[in-house]
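Provide a 3D model corresponding to the input given below.
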Amino acid sequence: MPGSANIASFVRVGATDHPLDRASLHHFVYRSASYWDDAEDDADWFAQRRARMARIGHDTWIGHSAQVKPEVTIGHGAVVAAGAVVTRDVAPYVIVAGMPARLLRRRLAPDLAERMMALGWWDWDHARLRAALTDFRELSVSGLLEKHGG
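Residues are numbered from 1 along each chain as shown. Predicted coordinates:
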């Protein structure tokens, strides 16, 4: 669907951190079933991991080999540069780069970003998107918003 994120090759999103508070960092501590037939994986560890999953907004672009750590939110319309390591939330419609990722610049002015999120074109049906295709290609952001609301 159009609202999905654009994710390049070799991107890692929410990769598991190792349990820093335990006696060992090794996988056998929480992925125990992979090591012994009579042991189960640590269900609590995986439940905590699910609760800490990264969130990626609509119409985002995450570049080649970027990493997005657990608990991070990537805002709608944001761009994560190739190779970036995102350890903090990324605001909507900004571009971040580096290790750790830092604000490079805004993609859109804050007022336009708010209006694009209000427009929520990613929730439009396929026919409405097709009807507006020329506008997305030819109009400026403000022109698109004037014509379609938001």
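
Please export the C-alpha coordinates of the lowest-mean-pLDDT helix or strand in the chain as PDB.
For the chain, the helix or strand with the lowest mean confidence is helix 43-51, at a mean of 82 (criterion: mean pLDDT, DSSP states H and E). The C-alpha atoms that make up helix 43-51 are tabulated as PDB, following Å, rounded to 0.1, in the frame of the first residue of the first chain:
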ATOM      1  CA  ALA A  43       9.400 -15.500  27.300                       C
ATOM      2  CA  ASP A  44       9.700 -12.400  29.500                       C
ATOM      3  CA  TRP A  45      12.700 -11.200  27.500                       C
ATOM      4  CA  PHE A  46      10.800 -11.500  24.200                       C
ATOM      5  CA  ALA A  47       7.700  -9.900  25.700                       C
ATOM      6  CA  GLN A  48       9.800  -6.900  26.800                       C
ATOM      7  CA  ARG A  49      11.300  -6.800  23.300                       C
ATOM      8  CA  ARG A  50       7.900  -6.700  21.700                       C
ATOM      9  CA  ALA A  51       6.800  -3.900  24.000                       C
END
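
Run me through the strand neighbours of whatever helix or strand comes next after that helix, direction for each.
Of the helices and strands lying after helix 43-51 in sequence (DSSP states H and E), the nearest is strand 55-56. Each strand that strand 55-56 pairs with, and the sense of that pairing, follows from DSSP bridges: strand 73-74 (parallel).

Run through the helices of the protein in chain order.
Taking DSSP state H to define them, one finds helices in the chain at 43-51, 110-119, 126-138, 141-148.

Tell me which of those sits nearest to Val85.
Distances from Val85 to each of those were compared by C-beta to C-beta, and the smallest falls on helix 43-51, at 18.5 Å. The way it works is simple: take the backbone N, C-alpha and C, and place the C-beta from them, glycine included.

quick one, domains of the protein?
Following automatic domain parsing, one finds the domains of the chain at 6-106, 110-148.
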